[in-house]
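[1] got a structure for you, letters missing:
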Ligand SMILES: NC(=O)C1=CN([C@@H]2O[C@H](COP(=O)(O)OP(=O)(O)OC[C@H]3O[C@@H](n4cnc5c(N)ncnc54)[C@H](OP(=O)(O)O)[C@@H]3O)[C@@H](O)[C@H]2O)[C@@H](O)CC1
Ligand SMILES: Nc1ncnc2c1ncn2[C@@H]1O[C@H](COP(=O)(O)OP(=O)(O)O)[C@@H](O)[C@H]1O
Ligand SMILES: [K+]
């Protein structure tokens, strides 16, 4: 699914109005009706509702919602924050449609002396996607005040104070939102970690906008949905055999980090790879074969670099490199040997990322379309530091272009970056914040690459399934008790999502 910037959304609004022959006021009414339907299921009718309105079209939504909630017998009051001389035309129309029993309290910078009732729920329609500069001080003060209050806080389209598609300053005041009802698509800022304290959850409200359009600025952001993945997912054919699903090699699990590559191996095997070899040391091999006899081993020595070139002569379909590899000279040699001998895309995780972060010459040797899976700490080694998620994304895009690689930025909303294109993953939960879960992801993506998924598709499908395992697990596990090794246990049910939809 696409994520639009405010300009693209406005183009879609206009296109929808011309194709469907409806006015902007009609579109606003649809938006308000759909939002109100959601609100009715969330807001108890026994608690008064304060609708905070501004001066733009977001306020128009607010006036309409106040009217519709009043019709449903809610006790509604409007706080009208008059930060401009004129209401937008559609907001004005909806202001005049307010019934007399909805009290409107007007507030501007000269008259901020007002009382908020002790027990209310709040609907924020002060600013939507139109916020383009810091909010007036009196608006900030009111939002700060309401942020301290109890009561549900619902934002319409975008929490006020949060720019929809650009970075906020760290101390910017933003409406502290329990739920944002966002029209047509989520906004990019919802997925930025610096906004986490201001947005607990969001729900997309379909207001019937058309989808296809040649935008004046290219569309670059998407969030990954199951529907998108159904187009990517390759069901197994009846006459397929293990050779149809590739032979993957995982390299890692050095002394002290034996478990890392074992976790990768387990999830690789459970992600459908035909054959799996693991290049590690003697202790790792022993434990691996006890846990996962399906895996093959390629090394009997303590040193992983000795026979690696020879091992690589075998034509592996995918290679995953770096999990528990260590940060020694030997690790650099291993990465270098892989780059010299392999022209296919490879997956680079953990210590392989550390090695290339220290060596520009090695970075230049990465095969095109390779996948890098850094968490934010590892990412800093690759692109340097950043102030905001937007700056981080710009730097990752530049890195992706420069080295022709796909970068999977692992975080709560993992971002898969391929050139200018950003794909955001929304599956998963904090249960995954546990040692080894990144190793599991590396194994899964390597297995998908071995099964001939193009690199970008393997990365997107991998992060989605990885998150689903943790979402499914919560019916049986708590976020605290979930272990990385549980990921492979839930992979069967995760893949079933796709199998069921295909049939
Ligand atoms: N179009 C449609 O069909 C539909 C639209 N819908 C709704 O419209 C919303 C977008 O409406 P919007 O563009 O009017 O923006 P909104 O955020 O309400 O107001 C911003 C206003 O404030 C101004 N301004 C900006 N920053 C400022 C600041 N710091 N301090 C002071 N002023 C500031 C800015 O004007 P400016 O001064 O920049 O000229 C502008 O006038 C969207 O989020 C959705 O809720 C839905 O009904 C569905 C159908
Ligand atoms: N709060 C969260 N919500 C969703 N996914 C998360 C969350 N925290 C961590 N994850 C996921 O868990 C994985 C952690 O990877 P990583 O930090 O490399 O772990 P490790 O190095 O221990 O293997 C990433 O895929 C990340 O996206
Ligand atoms: K809002």
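    On my side now, so go ahead. What you see is a predicted model, and the numbers here were worked out from it, not measured in a lab. Residues are numbered from 1 along each chain as shown. Ligands and ions are numbered 1, 2, ... in the order given.

[2] backbone dihedrals for whichever residue of the stretch 201-350 of the chain sits closest to ligand 1, please?
    With CB to the nearest ligand atom, the shortest gap between the stretch 201-350 of the chain and ligand 1 falls at residue 207, namely 5.9 Å. Placement of C-beta: from N, CA and C, glycine included. Note on residue 207: its backbone torsions stand at phi -110, psi 20 [degrees, to the nearest 10].

[3] please apply the same query to residue 424.
    Dihedral pair for residue 424: phi -100, psi 130, per degrees, to the nearest 10.

[4] residue contacts, it?
    Residues near residue 424 by CB atoms under 8 Å, 6 or more residues apart in numbering: 3, 191, 221-224, 413-416.

[5] residue 337: which of those residues is nearest?
    Comparing these against residue 337 with CB to CB places residue 416 closest, at 27.5 Å.

[6] make sure that closest one is indeed in a strand.
    Yes. Checked against DSSP: H, G, I helix; E, B strand; the rest coil, residue 416 lies within a strand.

[7] before we move on, the earlier item: so which of the contacts of residue 424 wins on neighbours?
    In terms of neighbour count, residue 416 stands highest of the contacts of residue 424 at 30 neighbours, by other CB atoms under 10 Å.

[8] and stretch 468-478, what's buried?
    468-473, 477 (16 or more other CB atoms under 10 Å).

[9] kindly report the residues of the stretch 1-150 of the chain close to ligand 3.
    Within the stretch 1-150 of the chain, the positions near ligand 3 by CB under 5 Å from the ion are residue 124.

[10] ok, which stretches of the stretch 1-150 of the chain are strands?
    With DSSP state E, counting those that start in this stretch, the ranges of strands along the stretch 1-150 of the chain come out as 2-3, 49-53, 76-81, 103-107, 121-125.

[11] and for the closest residue to residue 311 other than its chain neighbours, the neighbour number?
    If the residues on either side of it in the chain are set aside, residue 311 comes closest to residue 298, at 4.7 Å by CB to CB, 6 or more residues apart in numbering. Counted with other CB under 10 Å, residues neighbouring residue 298 total 19.

[12] how about the contacts made by residue 298?
    Residues in contact with residue 298 (CB under 8 Å, 6+ apart) are 249, 277-279, 307, 311.

[13] may I ask which two of the residues you listed are separated the most?
    Between any two of the contacts of residue 298, the greatest separation by CB to CB is 13.7 Å, found for 278 and 307.

[14] neighbour count winner among these two?
    Taking neighbours as other CB under 10 Å, residue 278 and residue 307 compare with residue 278 leading, 27 against 14.

[15] need the contact list for the residue of the stretch 201-350 of the chain closest to ligand 1.
    27, 30-31, 34, 183-184.

[16] out of those, flag the one nearest to residue 236.
    Lowest distance from residue 236 to those (CB to CB) belongs to residue 184, with 36.3 Å.

[17] could you pull out the helices for the stretch 301-450 of the chain?
    308-311, 329-341, 350-357, 360-363, 376-383, 389-403, 437-450 (DSSP state H, counting those that start in this stretch).

[18] how about the residues of the stretch 151-300 of the chain by ligand 3?
    When proximity is defined as CB under 5 Å from the ion, the stretch 151-300 of the chain approaches ligand 3 at 155-156, 160.

[19] and these near ligand 1, which?
    For ligand 1, the contacts drawn from these by CB under 6 Å from any ligand atom are residue 156.

[20] with pLDDT added, can I get the residues of the stretch 151-300 of the chain next to ligand 3 in TSV?
    Formatted as TSV, these follow (pLDDT from 0 to 100):
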residue	pLDDT
155	98
156	98
160	98
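
[21] between the residues of the stretch 151-300 of the chain next to ligand 3, which is closest to residue 271?
    Closest approach to residue 271 among those (CB to CB): residue 155, at 38.2 Å.

[22] now do whatever helix or strand the closest one lives in: which elements does it pack against?
    Here residue 155 sits within strand 153-156, counting by DSSP states H and E. Judged by 3 or more CB pairs under 8 Å, 6 or more residues apart in numbering; DSSP states H and E, strand 153-156 is in contact with helix 24-42, helix 57-71, strand 121-125, strand 179-183.

[23] which one of these lies nearest to residue 143?
    For the helices and strands packed on strand 153-156, proximity to residue 143 was assessed by CB to CB; strand 121-125 is nearest, at 8.0 Å.

[24] distance from the closest one to the middle of the chain?
    The chain centre lies 26 Å from the centre of strand 121-125; the measure is CA atoms, centre = their mean, to the nearest Å.

[25] same deal with stretch 464-482?
    The chain centroid and the centroid of stretch 464-482 are separated by 17 Å under CA atoms, centre = their mean.

[26] ligand 3 versus the residue of the chain most remote from its centre, what's the distance?
    Using CA atoms, centre = their mean, the residue of the chain lying farthest from its centre is residue 100. It sits 43.8 Å away. With distances taken as CB to the ion, to the nearest Å, residue 100 is found 25 Å from ligand 3.

[27] separation between that residue and residue 79?
    In this view, residue 100 and residue 79 are 17 Å apart by CB to CB, to the nearest Å.

[28] again with residue 374
    As judged by CB to CB, residue 374 and residue 79 stand 45 Å apart.

[29] show me what from the stretch 51-200 of the chain comes close to ligand 1.
    For the stretch 51-200 of the chain, the contact set with ligand 1 under CB under 6 Å from any ligand atom comprises 54-61, 83-84, 88, 127-136, 156-158, 183.

[30] quick check on those: which are buried?
    Buried among these by 16+ other CB under 10 Å: 54-61, 83, 88, 127-131, 135-136, 156-158, 183.
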